[in-house]
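Would you be able to build a 3D model of this:
(one chain, ligands or ions: 1)
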Amino acid sequence: MGKPTGFQEFNRELPSKTPVSERVKNYNEFVGMYSDEKLNQQSARCMNCGIPFCHSGCPLGNIIPEFNDAVYRKNWHEAYRILSSTNNFPEFTGRICPAPCESACVLGINKPAVAIEEIEKHIIEIAYEQNLVKPTAPLVKSGKKVAVVGSGPAGMAAAAQLAKAGHAVTVYERDDKAGGLLRYGIPDFKMEKWIIDRRIKVMEEDGVNFVYNTEVGKDIAAEEIVRNNDAVILAGGSTIPRDLNIPGRHFKGVHFAMDFLKQQNKRVGSSPFDTEDILATDKDVIVIGGGDTGSDCVGTSNRQGARSIKQFEVMFKPSDERPNSMPWPNFPGASMLKVTSSHDEGCERFWSINTKEFLGDEDGNLRAIKVVDIEWETDFLGRPVKFTEIAGTERELPAQRVFLAMGFLNPQFEGAIQNLGIEVDERKNVKAKEGVYRTNVGKVFAAGDMRRGQSLVVWAISEGREAARKVDEFLMGHSILESKDGVN
Ligand code: FAD
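All right, here's what the predicted structure looks like:
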């Protein structure tokens, strides 16, 4: 490595964040950038560790020690070449990935892990600044046509790779803009949307054709798409939210998280929407669900000026300590207990709590919810098995807004999946084996949340890339696209 003793000399440092009191006044990103010196020091922390487990920790197989070394040497061309050989969109993962690579970092065993995610963000931003991000499609085309259904990270990655292989690619998107949950799920304060627009421009220069406001299976027949293309990749995401069907569900003020988040993202992006305003302003808000979607509701409610915000998780509070059964260090910069920047902004968190009823007033508006504390019984591995209510803890909490953020069940079946006769698995996701990505319908493939169930951006990009490679093989008999195992 560039500086073999770097990990002993420098501590892990992250770029500064805008103070909470300032950042909640707007929807801008609030994580800054390193100075040149800090970036150099952070890259120098990557050790010559022999077996870099970070490679396999990353679903994309990012070649991390090599790009860290190039960053240390300030060889931006090389750093960008290495990073972009495995990851089409480091500007997304460098901002919002939970960084499983950092959990696998060998340095993390007894010191805080290398700040891989931040270094990734800096490489791509410097690459854009230095005009290194250029179209990659070959001049000689294959003559094959591929349609991609859905423009989330899986569809975008598939399209970028297919264009690189010389195919003519059309991406169909039912929304008015590209990006999927990157655009209309994840709030701007985690990732501003010009970052997607900048990438779409590069893809368009590469010849990718984006068709918006077009739902395949509704506005255009799925059969027609299949007939008119040599292959199709379904990348429509997992969009059916888990509901909470308890008494009072009908009261005005109980919303799915995505309805709330999508509307705010549209507001920030000046995109029109025709639904009634869902606002947390001056309301007592309760977010049900402790994951990424829940914390994005917390951050958005704070920015809208909620009076109070509570977040519920039915599970018990995870331990702050690393369990003996886990050989790896804790999630970098945090602990087993997931805390996001939204929690720093103000939110009361409740664990082992069950919601029993929504209570409303005579006008049909939500006024409170009835909850009870619960106790979990666990198995010999500490996994939750069943819960019992704790007597005497039932109570009402005031709430005029509830956001249901309990995850997504499966993709929408009606439309493309149903019309094409695509088989689904027992979880109702599109059935297509990992590593193969081909459905039961000859030339139709699937990738991302639509196939694997709700997951992460990094997995969606990985699946999009791998599915594109399988399509390329299917069309050409072999593929020139990189695989994550480094096999061509
Ligand atoms: P999606 O992003 O869902 O994109 C699917 C696209 O397909 C959509 O644009 C949809 O409109 C379109 N589509 C669907 N059907 C059709 C059709 N028939 N015709 C045309 N278009 C269609 N992951 C992280 O790694 N980090 C995070 O911080 C994070 N935060 C999240 C916050 C929220 C609120 C949510 C909901 C998810 C978050 N995730 C996060 C998860 C991540 O966003 C998803 O795993 C990822 O976006 C899945 O990518 P995808 O391309 O498979 O699907």
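
from here on, contacts and neighbour counts on C-alpha atoms
OK.

For the protein, which residues score under the pLDDT cut-off?
319-339, 485-488 (pLDDT under 70).

gap between the helix or strand Glu120 falls within and the chain center?
Taking DSSP states H and E as the definition, Glu120 sits inside helix 116-129. Put simply, helix 116-129 sits 18 Å off its chain's centre (C-alpha atoms, centre = their mean, to the nearest Å).

Do any residues in it lie close to the ligand?
No: using C-alpha under 6 Å from any ligand atom, helix 116-129 stays clear of the ligand, coming no nearer than 11.9 Å.

who does that helix touch, helix- and strand-wise?
Packing partners of helix 116-129 (3 or more C-alpha pairs under 8 Å, 6 or more residues apart in numbering; DSSP states H and E): helix 36-44, helix 64-72, helix 76-84, helix 90-96, helix 100-103.

Mind doing that once more with 6 Å?
Under the contact definition 3 or more C-alpha pairs under 6 Å, 6 or more residues apart in numbering; DSSP states H and E, helix 116-129 sits against helix 90-96.

Now tell me what touches the helix it packs on from outside.
117-118, 120-121 (C-alpha atoms under 6 Å, 6 or more residues apart in numbering).

Count the neighbours of Gly108 for me.
17 (other C-alpha atoms under 10 Å).

quick one: strands adjacent to the longest strand along the chain?
In the chain, with assignment by DSSP state E, the single longest strand is strand 366-378. In the sheet, strand 366-378 lines up against strand 353-360 (antiparallel), strand 384-389 (antiparallel), strand 395-398 (antiparallel) (DSSP bridges).

Spell out which residues of this protein are next to the ligand.
So far as C-alpha under 6 Å from any ligand atom goes, the chain lies against the ligand at 96-97, 149-155, 172-175, 179-182, 185-186, 214-217, 235-238, 292-293, 296, 416, 448-450, 454-458, 460.

Mind checking which of the residues you listed are buried?
96, 149-155, 172-175, 179-182, 185-186, 214-217, 235-238, 292-293, 296, 416, 448-450, 454, 456-458, 460 (16 or more other C-alpha atoms under 10 Å).

Closest to Glu13 out of the contacts of helix 90-96?
Glu118 (9.8 Å; C-alpha to C-alpha).

Please name the nearest non-neighbouring residue to the closest one.
Gly94 (5.9 Å; C-alpha to C-alpha, 6 or more residues apart in numbering).

count of neighbours near the one you found?
22.

for the strands paired with strand 366-378, which one ends up most surrounded?
The highest average neighbour count among the strands paired with strand 366-378, using mean count of other C-alpha atoms under 10 Å, belongs to strand 353-360 at a mean of 20.

And the contacts of that strand?
Contacts for strand 353-360 (C-alpha under 6 Å, 6+ apart): 246-248, 314, 366-374.

which of the residues you listed lies closest to the ligand?
Val314 (18.7 Å; C-alpha to the nearest ligand atom).

Domain ranges for the protein, per the record?
6-129, 145-239+409-476, 243-406 (automatic domain parsing).

Please identify the deepest-packed of those domains.
domain 145-239+409-476 (a mean of 21).

which residues touch the helix ranked longest in the chain?
Ordering each helix of the chain by length in residues (DSSP state H) puts helix 457-476 first. Under the criterion C-alpha under 6 Å, 6+ apart, residues 60, 153-155, 157-158, 162, 437, 447-448, 479, 481 lie in contact with helix 457-476.

Just the C-alphas of it, formatted as PDB.
Written as PDB, here are the backbone C-alpha positions of helix 457-476 (Å, rounded to 0.1, in the frame of the first residue of the first chain):
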ATOM      1  CA  VAL A 457     -29.200   0.000  -3.500                       C
ATOM      2  CA  VAL A 458     -25.900  -1.800  -3.700                       C
ATOM      3  CA  TRP A 459     -27.600  -5.200  -4.300                       C
ATOM      4  CA  ALA A 460     -29.900  -3.700  -6.900                       C
ATOM      5  CA  ILE A 461     -26.800  -2.400  -8.900                       C
ATOM      6  CA  SER A 462     -25.100  -5.700  -8.500                       C
ATOM      7  CA  GLU A 463     -28.200  -7.600  -9.800                       C
ATOM      8  CA  GLY A 464     -28.700  -5.200 -12.700                       C
ATOM      9  CA  ARG A 465     -25.000  -5.700 -13.700                       C
ATOM     10  CA  GLU A 466     -25.200  -9.500 -13.400                       C
ATOM     11  CA  ALA A 467     -28.500  -9.800 -15.200                       C
ATOM     12  CA  ALA A 468     -27.100  -7.600 -18.100                       C
ATOM     13  CA  ARG A 469     -24.200 -10.000 -18.400                       C
ATOM     14  CA  LYS A 470     -26.600 -13.000 -18.600                       C
ATOM     15  CA  VAL A 471     -28.600 -11.200 -21.300                       C
ATOM     16  CA  ASP A 472     -25.500 -10.400 -23.200                       C
ATOM     17  CA  GLU A 473     -24.500 -14.100 -23.100                       C
ATOM     18  CA  PHE A 474     -28.000 -15.100 -24.100                       C
ATOM     19  CA  LEU A 475     -27.900 -12.700 -27.100                       C
ATOM     20  CA  MET A 476     -24.200 -13.100 -28.200                       C
END
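
which residues of the stretch 201-350 of the chain fall in helices?
Assigned by DSSP state H, counting those that start in this stretch, the stretch 201-350 of the chain shows helices spanning 222-227, 257-268, 292-304, 341-344.

Nearest to Ala391 among those helices would be which one?
Of all those, helix 292-304 comes closest under C-alpha to C-alpha, at 27.7 Å.

Relative to the whole chain's centre, how far out is the closest one?
15 Å.

next one: stretch 89-105
10 Å.

Send over that stretch as CSV, restricted to the C-alpha atoms.
Extracted C-alpha coordinates of stretch 89-105, given in CSV (Å, rounded to 0.1, in the frame of the first residue of the first chain):
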residue,chain,number,x,y,z
PHE,A,89,-22.9,4.4,-9.7
PRO,A,90,-20.4,5.1,-6.9
GLU,A,91,-22.1,8.5,-6.5
PHE,A,92,-25.2,6.6,-5.1
THR,A,93,-23.4,4.0,-3.0
GLY,A,94,-20.9,6.5,-1.8
ARG,A,95,-23.8,8.4,-0.2
ILE,A,96,-26.4,5.9,1.0
CYS,A,97,-24.9,2.5,1.2
PRO,A,98,-24.8,0.9,4.7
ALA,A,99,-21.3,-0.1,3.6
PRO,A,100,-21.1,-3.9,4.2
CYS,A,101,-17.5,-3.5,2.9
GLU,A,102,-16.6,-1.5,6.1
SER,A,103,-18.1,-4.2,8.3
ALA,A,104,-15.8,-6.7,6.6
CYS,A,105,-12.7,-4.4,6.8
